[in-house]
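Q: kindly return the folded structure for what I paste below:
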Amino acid sequence: MSKQQLRKLYKQRRQALTAAQVSEGSQAIARLFFGAFTVEKMRSVHCYLPIRLQKEIDTFPIIFTIHEKFLHTKVVIPRSLPETSDMEHYLWQSDMTLDMNPWGILEPNPATSILFPVSQIDAVIVPLLACDRHGHRVGYGKGFYDKFLAQCRPETLKIGVSYFDPLLDPILTDPTDVALDYCITPTRVWRF
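A: Numbering: from 1, shown residues only. Reported below is the predicted structural model:
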């Protein structure tokens, strides 16, 4: 299947999930994340804010747990710059102002938020629609995350999250695609 076909199929599969499946899957993924990774040794974890209408994995359980229990680990969240397909990265603060962008994504308000350097990010929680067993992913097709992940240090962990197990058949890749190191589903952590 092409990326476009996979994108359409997995958007439909995700939209078919019930609110209970979304909540339970997101909670299970958060538990597996904290069980599999030594968060206390990370300086920072970059985490997207979910598009709730698209039924993305809810990352707030991960964000709140790190912020409350891992005081030496910072949470970093993105802000998209549509005109360049770049992202800016900001320090998560419990009292920060979040604005809704045109895609329905909550983002930090740059006027009241603190920029965070990509060079200090130790792990990235990556949104996706589907991935294969080699860590190649299908996102929304805009290239924001591939561009961002290419800027990260080589040792930065790239951790995808998905309701669905990786595909057996390989996903066709582009030269600019950046593979994941892991993918967490509600039932297990896949290492690539």
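
Q: from residue 29, how far off is residue 36?
A: Per C-beta to C-beta, to the nearest Å, residue 36 is found 10 Å from residue 29. All C-beta spots, glycine's among them, are computed from the backbone N, C-alpha and C.

Q: and those two? Which one has more around it.
A: Shown here are residue 36 and residue 29; by other C-beta atoms under 10 Å, residue 29 has more neighbours (25 against 14).

Q: hang on, the earlier thing: got any residues that touch both of residue 36 and residue 29?
A: residue 184 (C-beta atoms under 8 Å, 6 or more residues apart in numbering).

Q: hey, where'd the strands end up in the protein?
A: Along the chain, counting by DSSP state E, strands occupy 44-47, 74-81, 86-91, 98-100, 106-108, 123-126, 130-131, 137-138, 157-161, 182-184, 189-191.

Q: centroid residue for this structure?
A: Centrality entry for the chain: nearest residue to the mean C-alpha point is residue 126, 2.5 Å, by C-alpha atoms, centre = their mean.

Q: for it, what are its contacts?
A: Contacts of residue 126 by C-beta under 8 Å, 6+ apart are 48, 137, 145, 149, 158-161, 180.

Q: CSV for these, including neighbour count, distance to residue 95 and pLDDT?
A: As requested, those are exported to CSV (neighbours: other C-beta atoms under 10 Å; distance: C-beta to C-beta, whole Å; pLDDT from 0 to 100):
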residue, neighbour count, distance to residue 95, pLDDT
48, 23, 20, 96
137, 28, 33, 96
145, 23, 27, 95
149, 21, 29, 97
158, 21, 29, 98
159, 23, 27, 98
160, 27, 30, 98
161, 29, 26, 98
180, 25, 32, 98
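
Q: distance check, the residue sitting furthest away from the middle of the chain against residue 81.
A: The outermost residue of the chain, judged against the average C-alpha position, is residue 111 (23.8 Å), by C-alpha atoms, centre = their mean. Plainly put, residue 111 is 15 Å away from residue 81 if you go by C-beta to C-beta.

Q: what's the answer for residue 36, then?
A: Relative to residue 81, and taking C-beta to C-beta, residue 36 is found at 32 Å.

Q: run a quick neighbour tally on residue 175.
A: 5.

Q: repeat that for the one 10 residues further on.
A: Neighbouring residues of residue 185 were enumerated by other C-beta under 10 Å; the total is 20.

Q: verify the stated contact: it with residue 164.
A: Yes: between residue 185 and residue 164 there is a contact under C-beta atoms under 8 Å: 6.7 Å.

Q: save the strands of the chain as JSON lines, and put in distance to residue 172 too.
A: JSON lines is the format used below for these (distance: least, C-beta to C-beta, whole Å):
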{"stretch": "strand 44-47", "distance to residue 172": "27"}
{"stretch": "strand 74-81", "distance to residue 172": "25"}
{"stretch": "strand 86-91", "distance to residue 172": "24"}
{"stretch": "strand 98-100", "distance to residue 172": "33"}
{"stretch": "strand 106-108", "distance to residue 172": "31"}
{"stretch": "strand 123-126", "distance to residue 172": "19"}
{"stretch": "strand 130-131", "distance to residue 172": "12"}
{"stretch": "strand 137-138", "distance to residue 172": "10"}
{"stretch": "strand 157-161", "distance to residue 172": "17"}
{"stretch": "strand 182-184", "distance to residue 172": "18"}
{"stretch": "strand 189-191", "distance to residue 172": "20"}
